[in-house]
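# Sequence first, then the predicted structure:
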Amino acid sequence: MLANTAVAVMWVGLTCYALFGGADFGAGVWDLLAGGSRRGRARRGLIEHSIGPVWEANHVWLIFVIVLLWSAFSPVFAAVMSTLYLPLTFAALGIIARGAAFAFRKASTELWQQRLFGACFALSSVLTPFFLGTVAGAVASGRVPPGIAGGDVITSWWNPTSVLGGVLSVLACAHLAAVYLCADADREGEAVPASDFARRAVVSGVASGAVACAGIAVLHADAPELFHGLTHRALPLVVVGAVAGLGGLLLLYRRRYVLARLAAASAVAALLWAWGAAQYPAMLVGGVTVADAASDGAVLTACLIALAVGAVLLVPSLWLLYSTFQQGTSRAGGRRPRPPAPPASS
Amino acid sequence: MPVLAGLTSAPWVLAVTEGDLAAARAQMGFSLAWHIVVACLGVGMPALTLIAEWYGIRTGDPAYRLLARRWARAMGVLFAVGAVSGTILSFELGLLWPGLMGRFGQVIGLPFALEGIAFFIEAIFLGIYLYAWDRLPPRRHLLTGVPIVVAGVASAFFVVCANAWMNQPRGYTLRDGKVVDVDPWAAMLNPASPPQTVHMILAAFMVASFLTASVYAVALLKGRRDAYHKAGFIIPFTLGAVVAPFQIVVGDWAARFLADFQPTKLAAMEGVFTTGSHVPLTLGGVASGDRLRYGLEIPNGLSLLVGYHPSTVVQGLDKVPRGQWPPVTGVHWAFDLMVAVGLFLLALGVCLLVAWWRGRRKGVALLDRRGARLFLALAVVAGPASVVALESGWCVTELGRQPWIVWGVMSVRDAVNPAPGLMAGLWLVLVVYAAMTVATVYVLRRLAKGPAVPRAPQEEDVERYPVV
């Protein structure tokens, strides 16, 4: 019971990281594809304004997941980290490059610096979710054996399921970001038309859907246990995800941007929980279950109590953060009530 | 074993090579040493910024509010690199030391979970504080900074608790190699936690204060003696000078704690090889064979410091097998260096106090007195010196624990990731950190040299803040 609660809480953290932190990475993807420094200036300005105040808080969800994994399921943490140290090292370096370069770009004034740091920020925004996705694929396809460094250094994360996981996670991040940015652009004014990001959201959404469909065949061949889980126990969640994804596209088409946010987020969350449901109770497929890996009851209790108390502090704080930057004007900047709104960026 | 053979065939023979172990230690040590400086600034700078902002609001003096603005900008950059370099550490615990985390991850999970919450709060309110400058009334804006300070200190406390556990492992039982009966609170609040956490938190305030002050000391020396630069020097330097004497007392407590709980580390710090009474205090020197040569000895010094009496027995390295000795010369020098810098900073603080006292009587403004140039020159040195003290103090606690990762329980060799290629990872990390170091210093210098800050930090579209 305690172990199941812990794994559920961890999965909630992972979902939050995907929905919030993932969108920040996705924003970086669109920063990369925003066009030349003159043409892309307005878009980059909107992206910067949107993620600036929130990305650090969003990033903490990753630390939350890592810490909960090692506290509640230490052997699983050791097995995953030691076997998958290559993609995780790359992801870690990507996290450094993304966060640091983003802060540097904000603090620099000259074009060449903004270009250099911007490129660094945008490229690492693509690579980091890709490598994290390969890690998910490795775990989901049962390529991480129990014990320390028991899996293959390369093929554990360079295989069909992992590549699928990597590509899907980049696309999903990009989709989430584009959908979120529609509403920001809508509120922000004329500098960037919301349809600009709506188009990107549709393209990335359709691409995510296509890759996910192709993924069915990949999983069938490469990860039969996961495939079985997804097509049986987790099937309702898969259906919810698909419906929410399609619904989101429809809402975009009808310019209901705030509702589209909800739909896109639900789609990604449903797919994450489908993975969890398909794999449960295995933590390392074919070896270790949630109950096997769970820490001492006292540790689980202490951590869960700490997190519950923490939530009492965190929920109002997060509410204050998001509401401060989403209210009236926008999360992006400017205190003036609009319309008409001034340009979003300099 | 050729690395490529290991890459293609799994499972290979999992033998940890000396090179990989050294690489893992170097990588962990390097990324920690890097993070600790930024983390200290992250703990200390919000307090400085709030003091400046509060004083600015209270007096209406624009110099203080401008200072707060500028420090907030620097804080934004430092907090970002601190957040990411801290995340890497949590990765590295698993990537490099899966043996430690696989077995003991659950024992030290609680302080990290609490640290995560504290860090979350810090990140949330930093976002509000930095970006909502123009959106909130001044006093309420000031209030949003308070959780940053509290959470920063709290997260330093929790994370150092976890490190303290590695020095004083408590709160679990090992049965047939398995960890059972875990008491996470006993593990977190182990005997090493109080001295280590207090020492670290005070160090964070000292480093942030003296580093910030040294930037303004440079400006003052260059003749920019306006209210803005004076305030930029006096606020942090005063804070650092106030903390310094407490830090000396806490350091003494920490060393005395070691005499009782971790005598091997104290023996390495002081270069004591033979257990006995009337132990001298040795400054400097080189460990060779079974004694410390060429050092300056103060008769009975260490016995007096540890037990206030020359006949106090101090345990030497001879109590443990030679294979379990920390690197004596390194630990000893690091310790002496830290103490020397600590006393230097204390002396500077006393100078400031005396100058203030005498200036007050004679009606001469501080920093305009004779000798002020020498004082400022020393204050410039104090910033980097405080970082040296920080790093050497960290070396003392980490090197002094060797060869153990968990003192007396698990060696670093048993904890390291046996997968091949750790050396390559080290080079990659070094390259990335080198680039990040260059960029951080460059950006901070630009921020320091840039024009006055007319707008809210980080915001480009706000013109009407009444600072300038």
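Arrived safely, thanks for sending.

# neighbours around the spatially closest residue to A:A291 that is not a sequence neighbour, how many?
Excluding its sequence neighbours, the residue lying closest to A:A291 (Cβ to Cβ, 6 or more residues apart in numbering or on different chains) is A:A3, at 5.7 Å. Heads up, the C-betas are built off the backbone N, CA and C, glycines and all. Neighbourhood size, A:A3 [other Cβ atoms under 10 Å in any protein chain shown]: 20.

# now do A:G36
A:G36, neighbours per other Cβ under 10 Å, totals 8.

# Same check on B:R322?
B:R322 has 8 nearby residues by other Cβ under 10 Å.

# got a list of what it touches?
Residues in contact with B:R322 (Cβ atoms under 8 Å, 6 or more residues apart in numbering or on different chains): none are found.

# For A:P75, see how far away it is.
Separation of B:R322 from A:P75 (Cβ to Cβ, to the nearest Å): 34 Å.

# How about A:M10: what's its closest non-neighbour residue?
Closest to A:M10 by Cβ to Cβ, 6+ apart is A:L68, at 4.5 Å.

# distance of the residue of the stretch 1-150 of chain B found nearest chain A from B:A162?
Closest residue of the stretch 1-150 of chain B to chain A, Cβ to the nearest Cβ: B:G109 (2.4 Å). Taking Cβ to Cβ as the measure, B:G109 falls 9 Å from B:A162.

# what about B:C161, how many residues close to it?
24.

# That one reaches B:W185, doesn't it?
No - the pair B:C161 and B:W185 does not pass the contact test of Cβ atoms under 8 Å, sitting 10.5 Å apart.

# dump the residue contacts of A:L321.
Counted by Cβ under 8 Å, 6+ apart, A:L321 has contacts A:P53, A:V54, A:A57, B:I124, B:F125, B:G127, B:I128.

# Contacts only, for B:V107.
Counting by Cβ under 8 Å, 6+ apart, B:V107 touches A:V299, B:W165, B:P169, B:G171, B:Y172, B:V179, B:V182, B:P184, B:A187.

# Let me know the secondary structure of the third one.
Read it as B:P169. coil (DSSP: H, G, I helix; E, B strand; the rest coil).

# Pretty sure it sits against B:I405.
No - checked against Cβ under 8 Å, the pair B:P169 and B:I405 is beyond contact range at 10.1 Å.

# Surely the residue nearest to A:A291 is in a strand?
No - A:A3 is assigned helix when assessed by three-state DSSP, not a strand.

# residues contacting it?
Contacts of A:A3 (Cβ under 8 Å, 6+ apart): A:A72, A:V290, A:A291, A:A293, A:A294, A:L300.

# Okay, the third one and A:L300: tell me how far apart.
To A:L300, A:A291 is 12 Å away according to Cβ to Cβ.

# more crowded one of these two?
Set side by side, A:A291 and A:L300 show more neighbours around A:L300, with 25 against 11, by other Cβ under 10 Å.

# got the contact list for that one?
Here A:L300 is in contact with A:L2, A:A3, A:T5, A:A6, A:A72, A:A294 (criterion: Cβ under 8 Å, 6+ apart).

# Would you list the buried entries among those residues?
Neighbour counting with 16 or more other Cβ atoms under 10 Å in any protein chain shown marks A:L2, A:A3, A:A6, A:A72, A:A294 as buried within the contacts of A:L300.

# so, if you compare those, which one comes nearest to B:G223?
Here the nearest of the buried ones among the contacts of A:L300 to B:G223, counting by Cβ to Cβ, is A:A72; it sits at 59.2 Å.

# Which pLDDT value goes with that closest one?
A:A72 carries a pLDDT score of 90 in this model.

# Not counting residues beside it along the chain, what's closest to it?
A:A6 is the one closest to A:A72 (Cβ to Cβ, 6+ apart), at 4.1 Å.

# quick one: low-confidence ranges for the chain?
Just going to use chain A. A:188-191, A:327-346 (pLDDT under 70).

# think we crossed wires, I meant chain B
B:1-15, B:363-370, B:450-468.

# quick revisit: just the closest of the buried ones among the contacts of A:L300 to B:L93, please.
Distances from B:L93 to the buried ones among the contacts of A:L300, taken by Cβ to Cβ, are shortest for A:A72, at 15.2 Å.

# wait, that closest one sits on A:C303?
Yes - at 6.3 Å, A:A72 and A:C303 qualify as touching, with contact defined as Cβ under 8 Å.

# Many thanks, I have nothing further to ask.
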